[in-house]
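[1] attaching a predicted model along with its sequence, questions to come.
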Amino acid sequence: MTIQILKGNIVHAPSAGELKILENGFIVSDGGKIAGLFDVLPEKYAGAPVVDYGDALIMPSFADMHMHAPQYPMLGMGMDLPLLEWLNTYTFNTESAFADKDFARETYRALAREMIACGTTRVCAFSSLHREATLILMEEFEKAGLTGFVGKVNMDRNSGDVLTETTEESMRETLAWLDQARFDHIKPVLTPRFTPTCTNELMAFLGKLAAERNLPVQSHLSENTSEIAWVRELHPDCARYWESYAKYGLFNSRTVMAHCVHSDETERKAMRDNGVWVAHCPDSNVNLISGTAPVRKMMNEGVKVVLGSDIAGGAQLAMNRVVAAAIRASKIKRIETNWTDDFLTVAEAFYLGTTAAGAFFGATGGFATGDKLHAIVVDDADLPAPVRKLTVKERFERAIYLMTKADIAAVYSDGRRVK
Ligand code: GUN
Ligand code: FE
């Protein structure tokens, strides 16, 4: 890959709360990696072609750090039950359809295209328990231009009749999947669904595998109060839910735990001390009546927070909508805490939805020199005509709340133009 230069109004958030704007600036990438941001193009790039996006906004693309690809067919449906009943009534049935490889191919191709169209280029996704469908998902993500991690789900108990595997099957299929999962941009992540659906034997196997092969791990933690009570029954030796993962080596700096809505001070401290990533899924937390996560507290305490759509608990695949949902959830938390907890600003929530996940992918944050180029170009000309000329910052904030895929003119992932 050679030199690539984009010109436009550059907006990025290198750290939480920091919003940097470079009007009519240049992003130079060399071999897919950012070589620098410039207001005047340096002499050495004089001969290189420039893609001029005019007055459009150029910002980092989104990272969806928690989502369930096989729940895409039920997006926007079945929102009348809390978590455990919702899983048994709708979710496991829907996921069971991915035993069919043709259905998986068609669904995952459409999902991958839709994610890119909406400006998501990095992902940490759950598949279903099916090995073949998981490989199909990885292939379709790869082909569409996504970067990130996909996990074959492990679930060998409490999973109903339609979607379950024996402990032996789960182990064997996981090993076979790892042998076959060879893609350039999409890598495997071990995925015990959550403590209630995994036997101790399976958890021990996965923890050992994660250590032996240096694999990341994703799961769910403290999403719902009935779930927490159930974990306490299943693991009476664990004072807190997180210990049911930690005792098997599934709770470290390469672990993404979704939700953490009801994580108390002790659990939050454990996440911080172990470097665990929290995938905050605000839209899902309201839909499944789970609660409002203490995101501001977690950030203040030094816990690493990122965002997830959690489709189809969440009904929004477009991550700018999830960013807006995170802002709204934080305001509800502020109301609930008698105006003690601060809410998230647009810049803070945007950071969580874009480059906060950087370190999980070996990147830094914002459009940092040396990082792979992950960017979207937003043409906001079709959004409501304002009463006066807006600043770039105002246009950026409005785009976060209002833009749809129709306003995203171009998408770059890992240095390649993919839309
Ligand atoms: N906990 C275990 N499985 C799931 C799932 O599919 N979605 C959500 N939101 N929580 C879960
Ligand atoms: Fe989830």
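    In hand now; what should we look at? Because the structure is a prediction, the values reported are computed rather than measured. Ligands and ions are numbered 1, 2, ... in the order given.

[2] what number of residues lie near the closest residue to ligand 1 within the chain?
    The chain approaches ligand 1 most closely through residue 313 (3.5 Å), counting by Cβ to the nearest ligand atom. Placement of C-beta: from N, CA and C, glycine included. The burial count assigned to residue 313 is 29, neighbours taken as other Cβ atoms under 10 Å.

[3] you'd agree it is up against residue 289?
    No. Counting by Cβ atoms under 8 Å, residue 313 stays clear of residue 289, with 10.5 Å between them.

[4] packing partners of the helix or strand hosting residue 396?
    Per DSSP states H and E: residue 396 is located in helix 392-402. If you count contacts as 3 or more Cβ pairs under 8 Å, 6 or more residues apart in numbering; DSSP states H and E, helix 392-402 packs onto strand 3-15, strand 18-30, strand 50-60, helix 319-336, helix 346-353.

[5] coming back round to it: for the residue of the chain closest to ligand 1, give me the pLDDT.
    The model reports residue 313 with a pLDDT of 98.

[6] same deal with the one 10 residues further on?
    Reading off the per-residue confidence, residue 323 sits at a pLDDT of 98.

[7] returning to what we had before: and the helix holding residue 396, average pLDDT?
    Averaged over helix 392-402, pLDDT sits at 98.

[8] buried residues, the following helix or strand past it. List them.
    On the C-terminal side of helix 392-402, the closest following helix or strand by DSSP H and E is strand 408-413. For strand 408-413, the neighbour count (16 or more other Cβ atoms under 10 Å) marks 408-413 as buried.

[9] now do stretch 367-384
    367-368, 371-380, 383.

[10] any idea how many residues pack against the closest residue in space to residue 18 that isn't next to it in sequence?
    Nearest residue to residue 18, sequence neighbours excluded (Cβ to Cβ, 6 or more residues apart in numbering): residue 347, at 7.1 Å. Look at residue 347: counted by other Cβ under 10 Å, it has 20 neighbours.

[11] residue 77 too?
    Residue 77 has 12 nearby residues by other Cβ under 10 Å.

[12] the helices in the chain, which residues?
    For the chain, the helices defined by DSSP state H cover 83-86, 92-96, 101-117, 131-144, 167-180, 200-213, 225-234, 241-246, 265-274, 282-287, 295-300, 319-336, 346-353, 392-402.

[13] what about these, which gets the closest to residue 56?
    helix 392-402 (9.6 Å; Cβ to Cβ).

[14] distance to ligand 1 added to the helices and strands packed on helix 392-402, as JSON lines?
    What follows is the helices and strands packed on helix 392-402, written out as JSON lines (distance: least, Cβ to the nearest ligand atom, whole Å):
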{"stretch": "strand 3-15", "distance to ligand 1": "27"}
{"stretch": "strand 18-30", "distance to ligand 1": "30"}
{"stretch": "strand 50-60", "distance to ligand 1": "26"}
{"stretch": "helix 319-336", "distance to ligand 1": "13"}
{"stretch": "helix 346-353", "distance to ligand 1": "18"}
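
[15] and the ones you listed, which is most packed in?
    Among those, helix 346-353 has the highest mean neighbour count (mean count of other Cβ atoms under 10 Å), at a mean of 27.

[16] which strands and helices sit next to it?
    For helix 346-353, the packing partners by 3+ Cβ pairs under 8 Å, 6+ apart are strand 3-15, strand 18-30, strand 304-307, helix 319-336, helix 392-402.

[17] pLDDT on that helix, on average?
    98.

[18] for residue 297, see how far away the residue nearest to residue 18 is.
    19 Å (Cβ to Cβ, to the nearest Å).

[19] cool, and residue 181?
    For residue 181 relative to residue 297 (Cβ to Cβ), the value is 37 Å.

[20] pull the number of nearby residues for the closest residue to residue 320 other than its chain neighbours.
    Ranked by Cβ to Cβ, 6+ apart and with sequence neighbours excluded, the top spatial neighbour of residue 320 is residue 400, at 5.2 Å. Each residue near residue 400 was counted by other Cβ under 10 Å, and the total is 22.

[21] hmm, residue 400 is touching residue 324, no?
    Yes. Residue 400 lies in contact with residue 324 (Cβ under 8 Å); the separation is 6.1 Å.

[22] now the common contact residues for the two.
    Jointly contacting residue 400 and residue 324 under the rule Cβ atoms under 8 Å, 6 or more residues apart in numbering are residue 349.

[23] just the pLDDT for residue 302.
    97.

[24] nearest residue to it in space, please, no chain neighbours.
    residue 272 (4.9 Å).

[25] run a quick neighbour tally on that neighbour.
    15.

[26] same thing with residue 31?
    12.

[27] check residue 71 too.
    The burial count for residue 71: 22, using other Cβ under 10 Å.

[28] do I have it right that it meets residue 93?
    No. With contact defined as Cβ under 8 Å, residue 71 does not count as touching residue 93 (10.8 Å).

[29] run a quick neighbour tally on residue 311.
    For residue 311, the neighbour count with other Cβ under 10 Å is 27.

[30] so it bridges to which residues?
    Per DSSP bridges, the residues bridged to residue 311 are residue 314.

[31] which residues of this protein lie near ligand 2?
    Within reach of ligand 2 by Cβ under 5 Å from the ion, the chain has these residues: 258, 310.

[32] domain assignment for the chain?
    3-61+364-417, 62-353 (automatic domain parsing).

[33] which of those sits most buried?
    Counting by mean count of other Cβ under 10 Å, the most buried of these turns out to be domain 62-353, with a mean of 21.

[34] end to end, how far does that domain reach?
    Domain 62-353 has its terminal residues 6 Å apart, counting by Cα to Cα, to the nearest Å.

[35] chain center to that domain: distance?
    9 Å (Cα atoms, centre = their mean, to the nearest Å).

[36] stretch 27-45 now?
    28 Å.

[37] alpha carbons of that stretch, as PDB, please.
    Output in PDB follows, covering the C-alpha atoms of stretch 27-45 (Å, rounded to 0.1, in the frame of the first residue of the first chain):
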ATOM      1  CA  ILE A  27      -4.700  12.900   7.000                       C
ATOM      2  CA  VAL A  28      -1.800  11.100   5.500                       C
ATOM      3  CA  SER A  29      -1.500   7.400   5.700                       C
ATOM      4  CA  ASP A  30       1.400   5.400   4.500                       C
ATOM      5  CA  GLY A  31       1.000   1.600   4.000                       C
ATOM      6  CA  GLY A  32      -2.400   1.800   5.800                       C
ATOM      7  CA  LYS A  33      -0.900   3.500   8.900                       C
ATOM      8  CA  ILE A  34      -1.400   7.100   9.800                       C
ATOM      9  CA  ALA A  35       1.700   9.100   9.000                       C
ATOM     10  CA  GLY A  36       0.400  12.400  10.400                       C
ATOM     11  CA  LEU A  37      -2.300  15.100  10.500                       C
ATOM     12  CA  PHE A  38      -1.400  18.400   8.800                       C
ATOM     13  CA  ASP A  39      -3.100  21.800   8.200                       C
ATOM     14  CA  VAL A  40      -0.600  22.400   5.400                       C
ATOM     15  CA  LEU A  41       0.600  19.400   3.400                       C
ATOM     16  CA  PRO A  42       4.400  18.900   3.900                       C
ATOM     17  CA  GLU A  43       6.600  19.200   0.800                       C
ATOM     18  CA  LYS A  44       7.400  15.500   0.600                       C
ATOM     19  CA  TYR A  45       3.800  14.600  -0.100                       C
END
